[in-house]
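A.B. asks: The amino acid sequence is not available; the structure is as follows:
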Ligand code: LMR
């Protein structure tokens, strides 16, 4: 073999090696991290697991979805930033936690806006609701779906909890939302913004006296063990928006994006069908555990709570938009 054919063979060899490694790279599954702050046995926890199962089935060898529950990877304080930095690809914060990114989504925090979860669902499927999924793309966040949790209940470390006067002067943990802050101030209580992962300890040590949450969140975090009374107020909603980094999403190969979209649709239907069942199951478990008393309210009691919280709407009407509030109210019919 002369010198030039040796050189040709060497060049050929290295191009083949290069082609092989490029191919191997192309076939490396894309790692997708899905981080959230609640337990696996909650509507969001179950939705994330379902998303992983369906995505990996539809895109075999192409994606590897890793779910991190319970603030293991990122808690409330960091998860939105982490998506924007590309440290995690999917998160599903409660709708209360977006107020640094858009004022519109604060709509969902207005007390007694929706009569029930069916109304919330109708609104989310309306044109106005769907448009909110894209209300943060200019900030780099793309909304892919709404996931349900359920209606919020109010709980304290006191024996009496039927009327607003029962919470005057009490300290309440709230999510990072200015509407929720105004809601508790309106009731004469002292709200304190705290990450979800810190709530149990804050209740246990008396840093706060109470909190508002869904049955499934209270049960899975054992809040009922460190609260005395949980009133069935249904005064608001805790739902989620699954968001991703808009740039990362747009840069995905088309087949992968389509597969993930389908997986998200399936996971959404699954989680949303399960949410009511899990909250009902956990409401019963809390009653059976007999640690905190579950306080039923009369229609009159609920009407007084509603009236007391009403001024909050006026305060946020401007930033949220009356058109959006009207559209949400229409979903109650
Ligand atoms: C909370 O922070 O209270 C909840 O919104 C947590 C969650 O994600 O359900």
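C.D. replies: That came through fine. This structure is a prediction, so every number in the text was calculated from the model and none was measured. Numbering: from 1, shown residues only.
A.B. asks: List the residues that contact the nearest residue to residue 222 once chain neighbours are set aside.
C.D. replies: Of all residues not flanking residue 222 in the chain, residue 200 sits nearest, at 6.3 Å (C-beta to C-beta, 6 or more residues apart in numbering). No exception for glycine: its C-beta is placed from N, CA and C like everyone else's. If you count contacts by C-beta atoms under 8 Å, 6 or more residues apart in numbering, residue 200 has them with 221, 222, 223, 226.
A.B. asks: Might you report the residue contacts of whichever residue of the stretch 151-300 of the chain sits closest to the ligand?
C.D. replies: The ligand sits closest to residue 196 of the stretch 151-300 of the chain, with a gap of 3.5 Å, by C-beta to the nearest ligand atom. For residue 196, the contacting residues are 37, 38, 71, 75, 76, 175, 217, 221, by C-beta under 8 Å, 6+ apart.
A.B. asks: Repeat that for residue 149.
C.D. replies: So residue 149 contacts 42-44, 94, 214, 216-217, 237-240, 275, 279 (C-beta under 8 Å, 6+ apart).
A.B. asks: Most neighbours among these, please name it.
C.D. replies: Greatest neighbour count in these, by other C-beta atoms under 10 Å, goes to residue 216: 31 neighbours.
A.B. asks: near the ligand, which residues of the stretch 201-333 of the chain?
C.D. replies: Proximity of the stretch 201-333 of the chain to the ligand (C-beta under 6 Å from any ligand atom) is limited to residues 213, 217, 238.
A.B. asks: so can I have a markdown table of those residues showing distance to residue 305, secondary structure and pLDDT?
C.D. replies: What follows is those, written out as a markdown table (distance: C-beta to C-beta, whole Å; DSSP: H, G, I helix; E, B strand; the rest coil; pLDDT from 0 to 100):
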| residue | distance to residue 305 | secondary structure | pLDDT |
| --- | --- | --- | --- |
| 213 | 16 | strand | 98 |
| 217 | 20 | helix | 98 |
| 238 | 17 | strand | 98 |
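A.B. asks: quick one: which of these is nearest residue 134?
C.D. replies: Nearest to residue 134 among those: residue 238, at 21.9 Å, using C-beta to C-beta.
A.B. asks: SS state for the closest residue to the closest one other than its chain neighbours?
C.D. replies: Spatially, and ignoring its direct neighbours in sequence, residue 238 is nearest to residue 149 (4.5 Å; C-beta to C-beta, 6+ apart). When classified by DSSP: H, G, I helix; E, B strand; the rest coil, residue 149 comes out as strand.
A.B. asks: Distance check, residue 149 against residue 239.
C.D. replies: Using C-beta to C-beta, to the nearest Å, we find residue 149 at a distance of 6 Å from residue 239.
A.B. asks: Find the residues that touch each one of the two.
C.D. replies: residue 94.
A.B. asks: list the contacts for residue 212?
C.D. replies: With C-beta under 8 Å, 6+ apart, residue 212 has these contacts: 152, 153, 154, 155, 172, 174, 180, 233, 235, 236.
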